[in-house]
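Q: turn this into a structure:
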Amino acid sequence: MKPTTMDPILRKKLSILIRLAGIDGAFVQKEKAFIQEICQRQGVSKEECNDLIKNPEPIGSLGALTYNKAVEYMADSLSLMLADRLIHPREVLLCEDIALRLGFPKKEIDRIIEQLKEHPESSEKEVRHMVQSMYHPAKI
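A: Down below sits the predicted model:
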């Protein structure tokens, strides 16, 4: 793989999303398009994005992120889970794990996931608002 010029925080987030997209055994086009759109918005080349899709990094620790980055990671993870409008139990488990690594309480993320199961058509903006409403120790 070629050396990357991608910001390490963005690289970590994209790796999480790629792992989440494939956890149910079906990395569908809508999920890939969601990830590619984030890459495009962030100025990541198609080649670099596709290289990362083929070889994502391990999730690892997420504790050093700012509150705003934690919200961004969580909202994007939940939005990706909704991309195909099918919420797979393995996606739920990984989103719960990500939430805990980001410092969000399990009961809070479970509440949000239940809302999303009832409303899988929720927009990215609505999902972000839900995440911002959750308790987080760094929330100001």
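
Q: tell me the confidence at the closest residue to I23 other than its chain neighbours?
A: Excluding the flanking residues, the one nearest I23 by C-beta to C-beta, 6 or more residues apart in numbering is R90, at 4.7 Å. To be clear about C-beta, it is placed using only N, CA and C from the backbone, and glycine gets the same treatment. On pLDDT, R90 comes in at 95.

Q: what residue ranges in this structure are flagged as low confidence?
A: 1-4, 140 (pLDDT under 70).

Q: hey, where'd the helices end up in it?
A: 8-22, 29-41, 46-54, 67-81, 89-102, 106-118, 124-132 (DSSP state H).

Q: tabulate the ones you listed (JSON lines), appending mean neighbour count and distance to A138.
A: Formatted as JSON lines, the helices of the chain follow (neighbours: other C-beta atoms under 10 Å; distance: least, C-beta to C-beta, whole Å):
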{"stretch": "helix 8-22", "mean neighbour count": "20", "distance to A138": "15"}
{"stretch": "helix 29-41", "mean neighbour count": "15", "distance to A138": "23"}
{"stretch": "helix 46-54", "mean neighbour count": "15", "distance to A138": "27"}
{"stretch": "helix 67-81", "mean neighbour count": "21", "distance to A138": "4"}
{"stretch": "helix 89-102", "mean neighbour count": "18", "distance to A138": "10"}
{"stretch": "helix 106-118", "mean neighbour count": "15", "distance to A138": "14"}
{"stretch": "helix 124-132", "mean neighbour count": "17", "distance to A138": "12"}
